[in-house]
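1. The following comprises the amino acid sequence and a computationally predicted model.
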Amino acid sequence: MITQALPLTAFIAALAAGAFVLEHRVPALSKVGASLLTLVFGALVSNVGLVPAASPVYDVISGPVTMLAIAWLLLAVNLSDVKKVGIKMFSAFGLAVGGTALGAFVGAVAFAPALGENAWRLAGVFTGTYSGGSVNFVSVGRVVELPATLWSGATAADALTTGIWMAATLLIPVWLGRFFTPVPKERRGETVRRVVALTCAEPPGEATHGTGRAMAKAKTADPILTQLTPPSASVH
């Protein structure tokens, strides 16, 4: 079992890096995603006894490292992009968050006799994690002062439910696709030709000049783009 701080930290970093490598190099695993792969790897190495169930390394990761990650995420936010998402995306996100909060509230009420005063804390933690990810799990958990005895159980439940839900969201669309007529390959090719032609054509504004220049370089270097682009398209 890996118990020393430095080897354990290196091992955790290697697991995360391996998940990203598999996501990019294995087509089948790219649909699963690095996040879910990391959860699966972590569950496997923990259950086989390769890493301890508790360690000061975990406390550092869930504490200062997570807080630093939150700061980096906030610094990367560009509020001007909010104007681009549109009302439909806002509505969809609001509906999803509302449904998550409602489900957490119903669960807290249903299990209040068993969880006692911690029911509302768990409801807040799960609302946070299922509306904003694991970073929210840690943040909300610290704010509501979730007892340490519930951290491990809540984390395990979160990881298990997330794995099941992510697998469902990946498999259900494939299953539903059987009931819809696939788009013919001819139409796909025509759509690609039209997009390339529009991109390489006379730009309607200054903002598209950079795209035109990039497509010009790609066209000269790639014979496929040369075939897709009509001779009449004026590239900038």
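-> Great, that's in hand.
2. Just give me the residue closest to the centre of the protein.
-> residue 35 (7.0 Å; Cα atoms, centre = their mean).
3. check contacts around that residue.
-> 19, 166 (Cβ atoms under 8 Å, 6 or more residues apart in numbering). Yep, even glycine has a C-beta here, placed from its N, CA and C like the rest.
4. Quick check: it vs residue 95, distance?
-> 23 Å (Cβ to Cβ, to the nearest Å).
5. same question, residue 171
-> Distance from residue 171 to residue 95, counting by Cβ to Cβ: 22 Å.
6. can you check residue 105 too?
-> According to Cβ to Cβ, residue 105 stands 16 Å off from residue 95.
7. Please parse the chain into its domains.
-> Using automatic domain parsing, the domain parsing of the chain gives 1-53, 58-179, 185-228.
8. of residue 105 and residue 95, who's got more company?
-> For residue 105 and residue 95, the more surrounded residue by other Cβ atoms under 10 Å is residue 105, and the numbers stand at 15 against 10.
9. and whichever helix or strand residue 87 is part of, average pLDDT?
-> Residue 87 belongs to helix 82-110 when elements are defined using DSSP states H and E. The pLDDT scores in helix 82-110 average 85.
10. May I see the buried residues of it?
-> 100-101, 104, 107-108 (16 or more other Cβ atoms under 10 Å).
11. What values do phi and psi take at the residue nearest to the centre of the chain?
-> Main-chain torsions, residue 35, degrees, to the nearest 10: phi -60, psi -50.
12. quick one: pLDDT of it?
-> With respect to pLDDT, residue 35 has a value of 71.
13. Could you list the low-pLDDT ranges of this structure?
-> The model of the chain has pLDDT under 70 over residues 31-33, 183-192, 195-236.
14. For it, just list every one of the helices.
-> 5-25, 27-30, 34-47, 56-60, 66-75, 82-110, 112-115, 119-132, 134-143, 148-176, 185-200, 209-221, 223-228 (DSSP state H).
15. quick one: contacts for the closest residue to residue 105 other than its chain neighbours?
-> Distances taken as Cβ to Cβ, 6 or more residues apart in numbering place residue 123 nearest to residue 105, at 6.0 Å, with adjacent residues excluded. Residue 123 makes contacts with 104-105, 107-108, as judged by Cβ under 8 Å, 6+ apart.
16. State the pair within these that is farthest apart.
-> The two members of these with the most space between them (Cβ to Cβ) are 105 and 107, at 7.3 Å.
17. Could you measure from residue 90 over to residue 103?
-> 20 Å.
18. repeat for residue 149
-> 24 Å.
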